[in-house]
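Colleague: give the three-dimensional model of this entry:
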Amino acid sequence: MKRVVISALLLMVIGICGSVEAPLKQVMIDIHHSVEGANPEVNMVAITKILADFTFEIKDEPLTENLLQEYDVVMLYQPYANLDDAEIEALVEFVRKGGGLIICGEHDVGWNDSSRSTYNKLGKTFGIIFTSNAVDDPTDKMGCYCTPIIHNMAEHPLTEGVTQIVLYKPCALRISADVVAVARGDDDSKTIGAEQITGEDIVVVAVAEYERGKVVVTGSHTVFDDSFINQPDNQTFSINVFNWVSEQAVPKDNSWVTMAGILVIAAVLVLVIVLKKR
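Modeller: So this is what the prediction gives:
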């Protein structure tokens with residue numbers, strides 16, 4: 001009889017272990033601060049289908065701590081409007097607690113100075129700011145100078161399986177010493193616009209770690225869009241971005257299910273040990 005009970009309990013443990021799965025990571029794409037007509041629901045279909053471990057939700061409302069705490073990753077997409085101080089504080093706190101933040105920039109023609117300055121107020125916390133320009137390359141380009149092929153890649157989890165990425169008119173980034181420049185220009189790369197930068201001083205992708213969270217900053221959102229996702233190696237790069245930036249994010253939704261499962265398993269194992277000793 002004892003063996004039957006122990007066998008039943010062990011089967012219960014196996015069943016519970018099989019039923020407790022890691023919850024999907026929740027991604028929020030912010031369009032409240034995007035240019036009018038921005039539509040990631042249509043333009044980012046491919047990446048949302050590829051990333052089976054993530055769910056994506058588009059939000060058009062002010063950013064607050066209560067809103068952000070529901071997500072593991074927040075993406076600021078195609079910037080245009082200003083971030084206010086309370087929203088900046090909420091985003092910094094979100095990252096500090098372990099959230100992943102993706103900030104997409106924009107070229108100078110499509111992004112007004114006042115909006116860029118508020119994004120830079122946020123970015124300064126992580127050591128990354130946007131400049132007012134667009135990156136061109138006369139030799140490494142996809143069709144026109146304004147669509148540079150960036151092949152000067154640092155060794156980093158974002159660049160695993162990646163030799164180049166293609167973006168439309170990315171702006172260049174300025175970074176502090178402790179930030180990793182993941183993708184740079186090459187010898188003949190240059191910027192067009194108010195802030196002139198040349199060669200390898202041009203940074204189009206940078207990453208930072210802040211407290212428990214991670215931040216990825218790109219000079220353009222186009223690397224994630226359907227119109228560019230099949231350009232080499234944008235798809236692999238995009239997958240790497242979401243996987244890396246979410247590594248330290250603590251899943252919020254359904255975390256109680258995992259904890260409850262662990263407690264039940266522990267209780268059952270204790271009971272098995274007690275029965276074996278009798």
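Colleague: please report phi then psi for G105.
Modeller: Main-chain torsions, G105, degrees, to the nearest 10: phi -90, psi -170.
Colleague: show me the shaky parts of the stretch 1-150 of the chain.
Modeller: For the stretch 1-150 of the chain, the stretches with pLDDT under 70 are 1-22.
Colleague: all helices of it, in order?
Modeller: 2-19, 40-43, 45-50, 65-68, 85-96, 113-126 (DSSP state H, counting those that start in this stretch).
Colleague: give me the number of residues near Y210?
Modeller: For Y210, the neighbour count with other C-beta atoms under 10 Å is 16. (C-beta placed from N, C-alpha, C; glycine too.)
Colleague: swap that for I165, please
Modeller: A count of neighbours around I165, defined by other C-beta under 10 Å, yields 29.
Colleague: cool, and D30?
Modeller: 28.
Colleague: got the contact list for it?
Modeller: Neighbouring residues of D30 by C-beta atoms under 8 Å, 6 or more residues apart in numbering: K59, L63, V74, M75, L76, Y77.
Colleague: and the closest residue to D136 other than its chain neighbours, how far from F237?
Modeller: Leaving out its chain neighbours, the residue that sits closest to D136 by C-beta to C-beta, 6 or more residues apart in numbering is Y145, at 4.1 Å. Y145 is 21 Å from F237, where distance means C-beta to C-beta, to the nearest Å.
Colleague: go on, D137?
Modeller: From D137 to F237 the distance is 17 Å (C-beta to C-beta).
Colleague: run a quick neighbour tally on E61.
Modeller: Neighbouring residues of E61 were enumerated by other C-beta under 10 Å; the total is 9.
Colleague: not counting sequence-adjacent ones, nearest residue to it?
Modeller: H32 (5.6 Å).
Colleague: just to check, the one you found is in contact with L63?
Modeller: Yes: the criterion here is C-beta atoms under 8 Å, and H32 meets it with L63 at 7.2 Å.
Colleague: more neighbours: which of those two?
Modeller: Between H32 and L63, L63 has the larger neighbour count (other C-beta under 10 Å), namely 23 against 15.
Colleague: so what's the more buried one up against?
Modeller: Contacts of L63 (C-beta under 8 Å, 6+ apart): D30, H32, V74, L83, E87, A90, L91.
Colleague: most surrounded residue in the residues you listed?
Modeller: That'd be D30 among the contacts of L63, by other C-beta under 10 Å, with 28 neighbours.
Colleague: and that one, how far from A86?
Modeller: Look at D30 and A86: by C-beta to C-beta, they are 14 Å apart.
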